[in-house]
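S.K.: below is the sequence, then the predicted model.
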Amino acid sequence: DAKTTQPPSMDCAEGRAANLPCNHSTISGNEYVYWYRQIHSQGPQYIIHGLKNNETNEMASLIITEDRKSSTLILPHATLRDTAVYYCIVVPNFGNEKLTFGTGTRLTIIP
Amino acid sequence: GAVVSQHPSWVICKSGTSVKIECRSLDFQATTMFWYRQFPKQSLMLMATSNEGSKATYEQGVEKDKFLINHASLTLSTLTVTSAHPEDSSFYICSARDGSGTGSEQYFGPGTRLTVT
């Protein structure tokens, strides 16, 4: 599976958009970009995934560059409850593929 | 969204005893469930993949005789930590994949914190 690189930590002011980058320069054509987050002492939560088109759901937007070597997760109006570790994971979308969690980005929302 | 539960949420046991952790998918059928372990301030590490009705596939370095996994139905998988020792103290998290879906998204349980004294 392609490896991902994320900044270890980021701060964002409450109410502003949080933009979390992820580099996946070795991603292959059949691999999707998935985002999960883990709030302290809880199980991870699925956020969004995409292949090459930008995606949006009720939680976030995912912007994938045209060459697919990087992506950005956008939380449009961050709240204190969005403080968590965010994981960007690349995986083939064949169904039963295991997820390999890296170190993620610790996002802290500042009041 | 899909809901996965774990029981118990926390457990304290004595060294040498066994502990069973249950993982249930509440509103969907899970053909595949995964078990992870997370030590403090570290990321999740996959321990094993379990498919309903077949033997689990363990990751390298995970002792299959120590961490017994049973996935007897489409909504239940269990992890038994046998002869637990203090170094097994960790946060154990399961996830399940919705068998009716086409993607690889997994839904995680809330985790079980195991403390071995």
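M.R.: That came in fine, so what should we check first?

S.K.: give me the neighbour count for the closest residue to chain B within chain A.
M.R.: For chain A, the residue closest to chain B is residue A:43, as judged by Cβ to the nearest Cβ, at 3.5 Å. Just so you know, the C-beta spots here come from the backbone N, C-alpha and C atoms, and that holds for glycine as well. Neighbour count for residue A:43, taken as other Cβ atoms under 10 Å in any protein chain shown: 23.

S.K.: please apply the same query to residue A:10.
M.R.: 16.

S.K.: and if you look at residue B:11?
M.R.: When neighbours are counted by other Cβ under 10 Å, residue B:11 comes out with 17.

S.K.: what about it, distance to residue A:26?
M.R.: 40 Å (Cβ to Cβ, to the nearest Å).

S.K.: now for residue A:93, how many residues are close by?
M.R.: What residue A:93 shows, counting by other Cβ under 10 Å, is a neighbour count of 15.

S.K.: and it, what pLDDT?
M.R.: Listed pLDDT for residue A:93 reads 71.

S.K.: low-confidence ranges, chain A, go.
M.R.: A:1-2, A:94-96 (pLDDT under 70).

S.K.: same question, chain B
M.R.: B:1, B:99-104.

S.K.: residues of it that sit close to chain A?
M.R.: Where chain B comes near chain A, counting by Cβ under 8 Å from any Cβ of the partner chain, the residues are B:1, B:4, B:6, B:31-32, B:34, B:36, B:43-46, B:49, B:51, B:91, B:93-95, B:97, B:101-111, B:113.

S.K.: if we go to 10 Å?
M.R.: Within chain B, the positions adjacent to chain A are B:1-2, B:4, B:6, B:31-32, B:34, B:36, B:38, B:42-46, B:48-49, B:51, B:57, B:59, B:91, B:93-95, B:97-99, B:101-113 by Cβ under 10 Å from any Cβ of the partner chain.

S.K.: identify the residue nearest the residue in chain B positioned nearest to chain A in space, chain neighbours excluded?
M.R.: Of all residues in chain B, residue B:108 sits closest to chain A, at 3.5 Å by Cβ to the nearest Cβ. Take residue B:108 and drop its neighbours on the chain: the residue closest to it by Cβ to Cβ, 6 or more residues apart in numbering or on different chains is residue A:43, 3.5 Å away.

S.K.: sheet partners, orientation included, of the helix or strand encompassing residue A:36?
M.R.: Using DSSP states H and E, the element containing residue A:36 is strand A:31-38. Applying DSSP bridges, strand A:31-38 is found paired with strand A:45-50 (antiparallel), strand A:84-92 (antiparallel).

S.K.: Three-state assignment for the nearest residue to residue B:85 once chain neighbours are set aside, please.
M.R.: Nearest residue to residue B:85 in three dimensions, chain neighbours excluded: residue B:15, at 5.5 Å (Cβ to Cβ, 6+ apart). Following DSSP: H, G, I helix; E, B strand; the rest coil, we place residue B:15 in the coil state.
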